[in-house]
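J.: can't give you the sequence, but here's the structure:
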Ligand SMILES: C[S@@+](CC[C@H](N)C(=O)[O-])C[C@H]1O[C@@H](n2cnc3c(N)ncnc32)[C@H](O)[C@@H]1O
C-alpha cells in the first residue's frame, strides 16, 4: 500500500489548512517570500498532499492550479477541504512522464516531496519540459544535513527509536524513519550537490538557496526549539527556466 495512504488521515489533520508551528513560523514565510507574483499564474503543485499549497495559491489569486499526488487518500482529503474551481486535483506520479504539455506552467511548487523519490532525474527533466520559458520552480526538501544532524546528536538508543539504520551524509541508500504516528516512512538521503546538479543538468538555472532559520518568535513560543536551532531543518531551492 502507498505509504502516504496509510498516514493520510493523520497528515491531513496535522497540516489542516494552517500547518503546524514549524510551517507557520519557519517554513511558509520562506516559501512565500520567494514565490514572486502568483496572481493570474498557472501553477503545478507537484505532490500536493492534502492540497495545503494549492489552497494558499488559489487564495493568492492564481488562475489555475493543477494539484497532483500519488496518494489517492490525501487527494480525497484535499478535495474535501475545498471545492475551489481553480484547483484541479488528479493522481499522477512525479517520478514519471507528467500528463501535461510542454510549457504549461508559470510556476511549479514541489514541497517536501522529492525526499521520497528514489530517482530525481526524470522529475527534473519533466519539470523543465512542462515549465514555460522564464517559469519558476520552487523545491522544498528536508535539509540534507537534518537527518545527519540528528543521527550524530542522538544517543544510539534514541537513534534506533527514530531511524531504523544509521547513515552518513554521503549514504544515498534509502532510509526508513519512524514518522507520523510511528509509521515507517522511507526517504532517500541525498547531498546538497545531488539536488542542485540534477536540476541544473536538466537545464534549470539556480536562482536562490534558502535555509530558513528559527527566529525569536518561534523560540519564545517554543523554547524547546533552542535545542534544535543548530541543525538546519529545511532547504528551499529556487530555479528558473531561461
Ligand atoms: C510531506 S507530504 C507534502 C505534501 C504537500 N506538498 C505539503 O506541502 O503539505 C509528501 C507528499 O508527497 C507525495 N508523493 C510522494 N511520492 C510522490 C510521487 N512520486 N509523485 C507524486 N506525489 C508523491 C505523498 O503522497 C505526499 O502527499
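T.: Happy to help now that I have it. All figures in this text were calculated on a predicted structure; none of them were measured in a lab.
J.: Do I have it right that residue 229 meets residue 214?
T.: Yes. With contact defined as CB atoms under 8 Å, residue 229 counts as touching residue 214 (4.3 Å). Where C-beta positions appear, they are placed from N, C-alpha and C, glycine not excepted.
J.: Which of those two has more residues huddled nearby?
T.: Taking neighbours as other CB atoms under 10 Å, residue 229 and residue 214 compare with residue 214 leading, 19 against 14.
J.: Tell me how far the residue in the chain that the ligand sits nearest to lies from residue 55.
T.: Evaluated by CB to the nearest ligand atom, the chain has residue 49 as its residue closest to the ligand, separated by 2.5 Å. From residue 49 over to residue 55 the distance is 11 Å, taken as CB to CB, to the nearest Å.
J.: what about those two, which has more around it?
T.: residue 49 (23 against 20).
J.: OK, contacts around the residue of the chain closest to the ligand?
T.: Residue 49 makes contact with 4, 11, 15, 69, 71, 74, 78, 111, according to CB atoms under 8 Å, 6 or more residues apart in numbering.
J.: okay, the residues you listed in a markdown table with neighbour count next?
T.: Converted to a markdown table, these look like this (neighbours: other CB atoms under 10 Å):
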| residue | neighbour count |
| --- | --- |
| 4 | 21 |
| 11 | 22 |
| 15 | 17 |
| 69 | 26 |
| 71 | 22 |
| 74 | 26 |
| 78 | 24 |
| 111 | 22 |
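J.: Out of those residues, list just those in strands.
T.: Among those, the members falling in strands (DSSP state E) are 69, 111.
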